[in-house]
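Enquirer: Here you go, sequence then predicted model.
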Amino acid sequence: MKKKTKLIHGGIVGDEQTGAVSTPIYQVSTYKQNGVGNFKYEYSRTGNPTREALEALIRDLEGGYAGFAFSSGMAAISAVMTLFNSGSHIIVTDDVYGGTYRLMSKIINRSGIDVTFIDTSNPKEVTDEIQENTVAIFIETPTNPLLKITDIRSIGEIARKHSLLFIVDNTFSTPYWQNPMTLGADIVLHSATKYLGGHSDVVAGVAVVKNEKLAKEMHFIQNSVGGILGPHDSWLLMRGMKTLGLRMEQTEKTAKAIVQFLETRNDINTIYYPGLSSHRGHQTHVNQSNGFGGMISFDVGSGKRAQEVLQKTKLFTLAESLGAVESLISLPAKMTHASIPKERRKELGITDGLIRISVGIEDTEDLLVDLRDALDIE
């Protein structure tokens, strides 16, 4: 089954009892039992038919053993981090989403878990950082916001060699373009708020695991901690995912046109987009993904100019988040990555003049005109 078909027919489709084509919203907290211990569903924190359908769909799309849906992307990452005990060490991609950095550097360290942020696009650096107590490698690829690329296969081989859990945040590429589990990942994560939902109307996170052992551990954590996704949000997410393929193809088409436009200008310092042959990691991305996506970052030279550009766009909405049908524009240093210390942002290359855009599904020409008008500041 090809991906566009799987988006419609994957997981648990419809409702056998009523014949409903769309999975119903089971807005219920508890369930009647046919006797003590004789039930299909016990309590909706433990299991809910609507959430179960979503979890089966993301499982099928990523090619894993089981899927789990959470109340946000950060809740999904937090649940995965709960797999590890005090005294553990985790290697993490340096250029991660600001919320992930905050969680890793200010929250899980309270549980005695040590984190080292490194450039995971360099396999040797990953190997050099492995310690006796290292238990996992966590990567984003492409990263947020500099779109750095990590070779999933290479890191997967390193993880297997050292018996480490390998976790991949696949939010930017989505399962439509990239399937880390087929390349060696043990756990795949998504902020489903972004491309999976795609309509700026739901906050959610999902995790997919590769085997039964991890599935049992993740379900125990999901049920014990309780950061589950509700049935209505689960239904919204499934509805959004049906058009994921169409949306990803349109956003990439427009993204390529915008990158070509930006390349013609002499007032843009640097363009970050995996589709550029000059982009660091371009060939690696080609080898492990089927598309380049709709995320673009570019440096306009200064924070002052960047803010002027953001104020002038009409179709690119100034907002947090990404991956929606609406095109969004942001200033990472002041918004999504403000939680990262300024000195750290400077080391990574997240300048005050760096603009990040999430291309939506509007008409390509309209977006080009809007961006051109915003950049042509006198």
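Expert: Structure received. No experiment lies behind these values; they were computed from the predicted model shown. Numbering: from 1, shown residues only.

Enquirer: The residue nearest to Gly303 when sequence neighbours are not counted: neighbour count?
Expert: Nearest residue to Gly303, sequence neighbours excluded (CB to CB, 6 or more residues apart in numbering): Asp352, at 3.2 Å. In short, each C-beta sits where N, CA and C put it, glycine included. For Asp352, the neighbour count with other CB atoms under 10 Å is 20.

Enquirer: Hmm, Pro332 and Asp352 touching each other?
Expert: No - Asp352 sits out of contact with Pro332 when judged by CB atoms under 8 Å, with a separation of 9.5 Å.

Enquirer: How about the backbone phi and psi for the residue nearest to Gly303?
Expert: Phi and psi for Asp352, reported as degrees, to the nearest 10, are phi -70, psi -20.

Enquirer: how close does it sit to His337?
Expert: Distance, Asp352 to His337, by CB to CB, to the nearest Å: 11 Å.

Enquirer: What of Gln178?
Expert: 23 Å.

Enquirer: Which one's more surrounded, the two?
Expert: Neighbour count, other CB under 10 Å: between Gln178 and His337, His337 has more, with 26 against 23.

Enquirer: domains for this structure, by residue range?
Expert: 3-241, 245-375 (automatic domain parsing).

Enquirer: could these go into CSV alongside mean pLDDT?
Expert: Formatted as CSV, the domains of the chain follow (pLDDT from 0 to 100):
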stretch, mean pLDDT
domain 3-241, 96
domain 245-375, 95
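
Enquirer: Have a look at this protein and report its longest strand.
Expert: Scanning the chain for the longest strand, with DSSP state E as the assignment, gives strand 134-140.

Enquirer: So in that sheet, which strands flank it, and in what orientation?
Expert: According to DSSP bridges, strand 134-140 forms sheet pairs with strand 89-93 (parallel), strand 165-169 (parallel).

Enquirer: Which residues does the first one contact?
Expert: Counting contacts by CB atoms under 8 Å, 6 or more residues apart in numbering, the residues outside strand 89-93 that touch it are 81, 84, 100, 104, 113-120, 126, 129-131, 133-141, 143, 148, 150.

Enquirer: Run the chain-centre distance for it.
Expert: 17 Å (CA atoms, centre = their mean, to the nearest Å).

Enquirer: Tell me the helix or strand right after that strand.
Expert: Going down the chain from strand 89-93, the next helix or strand is helix 98-102, by DSSP states H and E.

Enquirer: got a list of what Thr46 touches?
Expert: Asn223.

Enquirer: returning to what we had before: out of the strands paired with strand 134-140, nearest to Tyr31?
Expert: strand 165-169 (32.9 Å; CB to CB).

Enquirer: who touches the closest one?
Expert: By CB under 8 Å, 6+ apart, the residues outside strand 165-169 that reach it are 77, 80, 83, 96-97, 100, 135-141, 152, 155-156, 159-160, 180, 184-191.

Enquirer: where does it sit relative to the chain's centre, distance-wise?
Expert: On the basis of CA atoms, centre = their mean, strand 165-169 sits 12 Å off its chain's mean C-alpha point.

Enquirer: With stretch 303-323 instead?
Expert: Its chain's C-alpha centre and that of stretch 303-323 lie 21 Å apart, by CA atoms, centre = their mean.

Enquirer: can you give me the strands for this structure?
Expert: Taking DSSP E, the strands of the chain run over residues 66-70, 89-93, 114-118, 134-140, 165-169, 187-191, 205-209, 270-272, 295-299, 317-318, 328-330, 354-358.

Enquirer: which residue packs closest to Thr251, ignoring adjacent ones?
Expert: That would be Gly294: by CB to CB, 6+ apart, it lies 3.1 Å from Thr251.

Enquirer: I meant to write Arg102 there.
Expert: Leaving aside its chain neighbours, Arg102 sits nearest to Ser339 (4.5 Å; criterion: CB to CB, 6+ apart).

Enquirer: And the residue lying closest to Ala76 once chain neighbours are set aside, how far from Ala324?
Expert: Distances taken as CB to CB, 6+ apart place Gly205 nearest to Ala76, at 3.2 Å, with adjacent residues excluded. The gap separating Gly205 from Ala324 is 16 Å, by CB to CB.

Enquirer: Can you pick out the residue with more neighbours from those two?
Expert: Counted by other CB under 10 Å, Gly205 and Ala324 do not tie: Gly205 has more neighbours, with 28 against 24.

Enquirer: hang on, Ala66 packs against Val208?
Expert: Yes - checked against CB under 8 Å, the pair Ala66 and Val208 is within contact range at 7.2 Å.

Enquirer: out of the two, which sits in the busier spot?
Expert: More neighbours surround Val208 than the other of Ala66 and Val208, with 32 against 19 (other CB under 10 Å).
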